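J.: next come a sequence and a model predicted from it.
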Amino acid sequence: MKIQRIWRAVWLNLLFALLIVVIIFYALSPFIWTVISSIKPLNELWTPTVQYWPRHPTLENYRDLLKQTPFGLYFRNSTIVATLTTLVSVIVATMAAYSLSRFKGRFSTSFLLFMIFFRMFPTVLMIIPIFLIMKALHLLDTYAALVVAYTTFSIPFCIWMLKGYFDSIPYELEEAARVDGCTRGGALLRIVVPLSAPGIAATAIYTFIGAWNELLFAVMLTHSTHMRTLPVGLKLFIGEYTIEWGMLTAGGVLTSIPVAIGFMFLQRYLVQGLTAGGIKA
């Protein structure tokens, strides 16, 4: 009986491992197919039957992308906009979330519910008012227009994430720091922010990815080549009658690299930030 239980446990573990492998492959299959398509020559992209692996792998699509299109300019614009959006959103959300966490008033809960209610509005309902505001302020086709539009939707989400994390930090630590001579702002910078590094990192990652991948506002608020971001640049490869699959897949791979690298280095903080904020000390 003991041997049967051991074999049953082994088979269950093998089935569970196989299930995990299938799920991972299913999740990664679109990216794998994009990478494979990006190294196919043009004559192998258009075939009557599906060709899963290129017979003559080439980097021609990447060379054409970098030489024939302003991909580097798109990459620079996305980096600037996503970085500024992340910095502004995290700084503003940190101060707002700290205030809501430490100064609980009559309308604190109502304010949080109002923010999440505002965040639930579809983006398409806000595009026309934001476009008219940017036009009146003469901010169309500028970095400021994109940063303001992105932070409008990212700050409520950041406040919700950071407030839960600040709630998990004991207030006694700040009181001890204030007894030693720290001001409230000093306690925030020297005690709360360092202890909240995982939560802030997780919030920053999600904000950066959202700004990096955003398309609708980037299309509506910019019109010149020198202000286009990566999603808009990739969209230009989709024409009315044809699609430049080679350069489109190559651009998709290059666009995904910064986000993948960021996840590799910040994965530990991301997991800590998403789990620790749900546990109150």
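T.: Cool, got the structure. Residues are numbered from 1 along each chain as shown.
J.: where does the protein dip in pLDDT?
T.: Flagging of the chain using pLDDT under 70 yields the residue ranges 1-2, 267-281.
J.: ok, now which ones touch the spatially most central residue of it?
T.: Centroid-nearest residue in the chain, with Cα atoms, centre = their mean: I209, separated by 1.7 Å. Counting by Cβ atoms under 8 Å, 6 or more residues apart in numbering, I209 makes contact with V259. Any C-beta I mention is one placed from the backbone N, CA and C, and that applies to glycine too.
J.: show me where the stretch 1-150 of the chain has its strands.
T.: Here the stretch 1-150 of the chain has no strands by DSSP state E, counting those that start in this stretch.
J.: returning to that earlier point: ok, now how distant is the residue nearest to the centre of the chain from G185?
T.: Per Cβ to Cβ, to the nearest Å, I209 is found 30 Å from G185.
J.: same question, V148
T.: Distance of V148 to G185, computed by Cβ to Cβ: 26 Å.
J.: between the two, which one's more packed in?
T.: Taking other Cβ atoms under 10 Å, V148 and G185 do not tie; V148 has more neighbours (20 against 10).
J.: burial measure for L19, as a count.
T.: 10.
J.: if I look at it, how far off is R102?
T.: Distance of L19 to R102, computed by Cβ to Cβ: 45 Å.
J.: cool, and T151?
T.: 23 Å.
J.: ranges for the helices of the chain?
T.: Using DSSP state H, the helices of the chain run over residues 2-38, 42-45, 60-68, 71-102, 108-119, 123-136, 143-167, 171-179, 184-187, 193-195, 197-213, 216-221, 230-235, 245-276.
J.: what's the closest of those helices to P54?
T.: When the helices of the chain are compared by Cβ to Cβ, helix 42-45 sits nearest P54, at 5.5 Å.
J.: now do the buried residues in that closest one.
T.: Using 16 or more other Cβ atoms under 10 Å as the test for burial, helix 42-45 gives E44, L45.
J.: next: stretch 207-227.
T.: The neighbour-count check on stretch 207-227 (16+ other Cβ under 10 Å) flags 207-214, 217-218, 220-222, 227 as buried.
J.: what's the straight distance from one end of that stretch to the other?
T.: Terminal residues of stretch 207-227 are spaced 20 Å apart (Cα to Cα, to the nearest Å).
J.: quick one, what contacts I191?
T.: Counting by Cβ under 8 Å, 6+ apart, I191 makes contact with L173, E174, A177, C182.
J.: now render those as TSV, adding neighbour count and distance to A197.
T.: Putting these into TSV (neighbours: other Cβ atoms under 10 Å; distance: Cβ to Cβ, whole Å) gives the following:
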residue	neighbour count	distance to A197
L173	14	15
E174	19	16
A177	18	17
C182	17	18
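J.: can you pick out the most distant pair from those?
T.: Every pair of the contacts of I191 checked by Cβ to Cβ; the farthest is L173 and C182, at 10.6 Å.
J.: looking at T151 and R102, which has the bigger crowd around it?
T.: More crowded of T151 and R102, by other Cβ under 10 Å: T151, with 22 against 16.
J.: that one: what's it in contact with?
T.: Contacts for T151 (Cβ under 8 Å, 6+ apart) come out as T85, V88, S89, V92.
J.: distance of the residue lying closest to the last one once chain neighbours are set aside relative to F166?
T.: The one in question is V92. Nearest residue to V92, sequence neighbours excluded (Cβ to Cβ, 6 or more residues apart in numbering): I155, at 5.6 Å. According to Cβ to Cβ, I155 stands 15 Å off from F166.
J.: got it, and F217?
T.: From F217 to F166 the distance is 29 Å (Cβ to Cβ).
J.: cool, L236 as well?
T.: Look at L236 and F166: by Cβ to Cβ, they are 43 Å apart.
J.: nothing else from me, thank you.
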